[in-house]
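K.L.:
got a sequence here, can you model it:
(4 chains)
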Number of protein chains: 2
Amino acid sequence: MTARRTRGHSVGLTREAVLRAALALADREGLKALSMRRLGAELDVEAMTIYHHVPNKDALLDGLVEQLVASIAPPVFETPWQEGMRDYAQSLRAALLAHPNLVPLIASRPAITAQNLQALETALESLRSAGLAPADALDVIYAVTGFVVGQVVTASEGDPVDQLAPLDLSEFPLLAEAAKGPRDAEARFVFALDALVSGLGSRR
Amino acid sequence: MTARRTRGHSVGLTREAVLRAALALADREGLKALSMRRLGAELDVEAMTIYHHVPNKDALLDGLVEQLVASIAPPVFETPWQEGMRDYAQSLRAALLAHPNLVPLIASRPAITAQNLQALETALESLRSAGLAPADALDVIYAVTGFVVGQVVTASEGDPVDQLAPLDLSEFPLLAEAAKGPRDAEARFVFALDALVSGLGSRR
DNA sequence: AGGGTATACTTACGCCGTAAGAATCATCAA
DNA sequence: TTGATGATTCTTACGGCGTAAGTATACCCT
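P.N.:
Below is the predicted model of the structure:
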């Protein structure tokens, strides 16, 4: 009854379609669910068909992080550059939090592609007009990028404070007291980001 | 000829021995090589035997990160606390760099155990005698820990500057200029760490 | 009309994590 | 001494994985 496709009939698969479906699947069901067979099913195609658009699974995963990194708006800096740097950090964090299941991927594969290098170069230009020498600018970008990744990674493992509930709080009085505050992940991030950026500013 | 063991003969396996062998294998051949069968071979035991000392593979991986986190010397803070915080960051970084293959693990699983919470509580005590209120102290520890993880994670993906070689440098003049400096990963880390810690200090 | 090329499918191999159960050993009570 | 009990290990098997190799079909250009 159903009009089953046969061999040779193109279904119009493209690398972009594959990556989009992979991203959707990973977002929806997690990285472990993202297998070639499962992704094939999602695309209504046999697993091996995907290999016509992506050389292997690692390349597919690389494609996912490349897409995610590319989705970040290229930062623009004015004088002083601190505010632009905070904006950059926030949008990087937002991009990561938009796809929490991909965070472990980001943390384990390089995201250096020609396009991303171009964005980096543009940022360096922008920072130079804001008064930062290229070497210093690179250090600053590097510091902030790593910082954001770290904050997101450690926070996405679950806030330590949240894990206190099932434990005996009385054994950890200071922790219990510290956890009383209304601080959430966002506030903590802003607090640390402000500290880092202001520290970077006063140092160079 | 060889004295082959048979069923029932205990080989004296313990959870600790399993974790040690797993760590050694992951260090030597990477996370992908760390399969239950392969680990069994390493211990001269069938794969299923391992399940008597560890409920499943995820628990084994959790054990690895728990061990790694526990290997960090509990930080001690005096007045002012900034120097102790830098020491803590350095020893955390050293612990991570000592097992680079585990970094993706750290980045994807919680490391909250009773022992680690105890270390955290101790650190909070120490920070309070150094003049920091518990809530602020927790924020600071949280900021620095995430920062270190992020620096290690992004740096262990390979320095972007190192990846420039095969590319056309003339397209990215500022990047090329910035890469000329003698900055290595260590120097970059210290630079960013100093900025963060001093920023944290001047803020509270 | 016919051959080349792109696309998709099929089959198969060697891995993986682990559920279920059988075999052997050490210990101890009767 | 014997026999039951529990601890420890090995064996077998299942479903899933990534992907190499080969096959079939459809479209396009001459």
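
K.L.:
C-alpha only now, for contacts and for neighbours.
P.N.:
Noted.

K.L.:
from B:Val144, how far off is A:Ala143?
P.N.:
Summarising the geometry, the distance separating A:Ala143 from B:Val144, computed by C-alpha to C-alpha, to the nearest Å, is 12 Å.

K.L.:
swap in A:Asp87?
P.N.:
With the distance defined as C-alpha to C-alpha, A:Asp87 ends up 20 Å from B:Val144.

K.L.:
neighbour count for the two, which is higher?
P.N.:
A direct count of neighbours by other C-alpha atoms under 10 Å in any protein chain shown for A:Asp87 and B:Val144 places B:Val144 higher, at 26 against 14.

K.L.:
show me the contacts for the more buried one.
P.N.:
Residues counted as contacts of B:Val144 (C-alpha atoms under 8 Å, 6 or more residues apart in numbering or on different chains) are B:85, B:89, B:196-197.

K.L.:
so which helix or strand takes in the closest residue to A:Ala119 other than its chain neighbours?
P.N.:
Excluding the flanking residues, the one nearest A:Ala119 by C-alpha to C-alpha, 6 or more residues apart in numbering or on different chains is A:Pro74, at 5.9 Å. When secondary structure is defined using DSSP states H and E, no element contains A:Pro74, which sits outside every helix and strand.

K.L.:
okay, helices next: where are they in chain A?
P.N.:
Under the criterion DSSP state H, chain A contains helices at A:15-29, A:36-43, A:57-70, A:82-97, A:103-106, A:114-129, A:134-156, A:173-180, A:185-203.

K.L.:
mind checking the pLDDT average for the shortest one?
P.N.:
Spelled out, it's helix A:103-106. Across helix A:103-106, pLDDT averages out at 94.

K.L.:
that one and DNA strand D, are they touching?
P.N.:
No - contact check for helix A:103-106 against DNA strand D, using C-alpha under 7 Å from any atom of the strand: none in range, with a minimum separation of 13.9 Å.

K.L.:
who touches that helix?
P.N.:
With C-alpha under 8 Å, 6+ apart as the criterion, helix A:103-106 contacts A:61, A:65, A:96, A:152-153, B:104, B:107-108.

K.L.:
which ones are touching the spatially closest residue to A:Thr145 that is not a sequence neighbour?
P.N.:
Once its chain neighbours are removed from consideration, A:Thr145 has its nearest residue in A:Ala89; the separation is 7.0 Å (C-alpha to C-alpha, 6+ apart). Contact partners of A:Ala89, counting by C-alpha under 8 Å, 6+ apart, are A:144-145, A:148, A:193.

K.L.:
go on, A:Val65?
P.N.:
By C-alpha under 8 Å, 6+ apart, the residues touching A:Val65 are A:102, A:105-106, A:111.

K.L.:
need those residues in JSON lines with neighbour count, can you?
P.N.:
Shown next, in JSON lines, are the contacts of A:Val65 (neighbours: other C-alpha atoms under 10 Å in any protein chain shown):
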{"residue": "A:Leu102", "neighbour count": "20"}
{"residue": "A:Leu105", "neighbour count": "19"}
{"residue": "A:Ile106", "neighbour count": "25"}
{"residue": "A:Ala111", "neighbour count": "24"}
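
K.L.:
hang on, the earlier thing: most packed of the helices of chain A?
P.N.:
Each of these was assessed for mean neighbour count using mean count of other C-alpha atoms under 10 Å in any protein chain shown. The highest is helix A:134-156, with a mean of 23.

K.L.:
return the distance of that one from the chain's centre.
P.N.:
Its chain's average C-alpha position is 12 Å from that of helix A:134-156, according to C-alpha atoms, centre = their mean, to the nearest Å.

K.L.:
hmm, who's touching the worst-scoring helix or strand of chain A on mean pLDDT?
P.N.:
Taking mean pLDDT, DSSP states H and E as the measure, the helix or strand of chain A with the lowest value is helix A:173-180, at a mean of 87. Residues outside helix A:173-180 that contact it (C-alpha under 8 Å, 6+ apart) are A:161, A:169-170, B:120-121, B:124-125, B:134-136, B:138.

K.L.:
closest to DNA strand C out of these?
P.N.:
A:Val161 (27.7 Å; C-alpha to the nearest atom of the strand).

K.L.:
state the pLDDT value of that closest one.
P.N.:
At A:Val161, the model reports a pLDDT of 57.

K.L.:
now the residue in chain A that chain B sits nearest to. Nearest residue, chain neighbours left out?
P.N.:
Of chain A, the residue with the smallest distance to chain B, taken as C-alpha to the nearest C-alpha, is A:Gly150 at 3.3 Å. On the basis of C-alpha to C-alpha, 6+ apart, the spatially nearest residue to A:Gly150 that is not a chain neighbour turns out to be B:Gly150, at 3.3 Å.
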